[in-house]
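Visitor: Have a look at this prediction, sequence included:
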Amino acid sequence: MTYAWGKTYNPKALAQINQFLRDYQTGQTHPIDPRLLDILWGIQGEMGRKGVYEVISGFRSPKTNGKLRRTSSGVAGHSLHMKGQAIDVRFSGGDTDQIQQCALEMRSGGVGYYAKADFVHLDTGEFRTW
């Protein structure tokens, strides 16, 4: 199912995406910012549309985010994951450094590159990098 037609988003597809990107610990869903999907779509296009995303983390409830924060370094206390505005991904069609480079060129939000863990954080906040 297509999530958007031109500048109009498909509510049924967005509901499916909200379910797919739900909190992996609690099962709680939250509206995912459609601009995040636009970023993913843009990166996939730049990489030739060959491959699929592997989602490491989508929406996170405050409970899950707090748990991760206690056990992992680098988890923000006010993470945009808790607002449905962030995602951590890999892409089977290319290396994570390619995802990072595409995202940096787009300048559409935050871009965090985690080379050792082999994923990229993307969000719809202000453009910044780490």
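Guide: Alright, I've got the coordinates.

Visitor: is the residue at minimal distance from the centre of the chain in a bridge, and if so with what?
Guide: The centroid of the chain falls nearest to Ile87 when counting by CA atoms, centre = their mean (2.0 Å). For Ile87, the beta-bridge partners are Leu122 (DSSP bridges).

Visitor: Touching, it and Gly58? I think so.
Guide: Yes: Ile87 is within contact range of Gly58, at 5.3 Å (criterion: CB atoms under 8 Å). Placement of C-beta: from N, CA and C, glycine included.

Visitor: Give me the common contacts of the two.
Guide: Residues touching both Ile87 and Gly58 (CB atoms under 8 Å, 6 or more residues apart in numbering) are Leu21, His81.

Visitor: dump the residue contacts of Ala115.
Guide: Thr96, Asp97.

Visitor: now the one 10 residues further on
Guide: Taking CB under 8 Å, 6+ apart as the contact definition, Gly125 lies against Leu80, Gln85, Ala86, Gly109, Gly110.

Visitor: if I look at the nearest residue to the last one once chain neighbours are set aside, how far off is Gln16?
Guide: The spatial neighbour of Gly110 that comes closest, neighbours along the chain excluded (CB to CB, 6 or more residues apart in numbering), is Asp123 at 4.2 Å. Here Asp123 is placed at a distance of 21 Å from Gln16 (CB to CB, to the nearest Å).

Visitor: So what's the gap between stretch 52-59 and the chain middle?
Guide: On the basis of CA atoms, centre = their mean, to the nearest Å, stretch 52-59 is displaced by 6 Å from the centre of the chain it belongs to.

Visitor: buried stuff in it?
Guide: Residues of stretch 52-59 classed as buried by neighbour count (16 or more other CB atoms under 10 Å): Ile56, Ser57, Gly58, Phe59.
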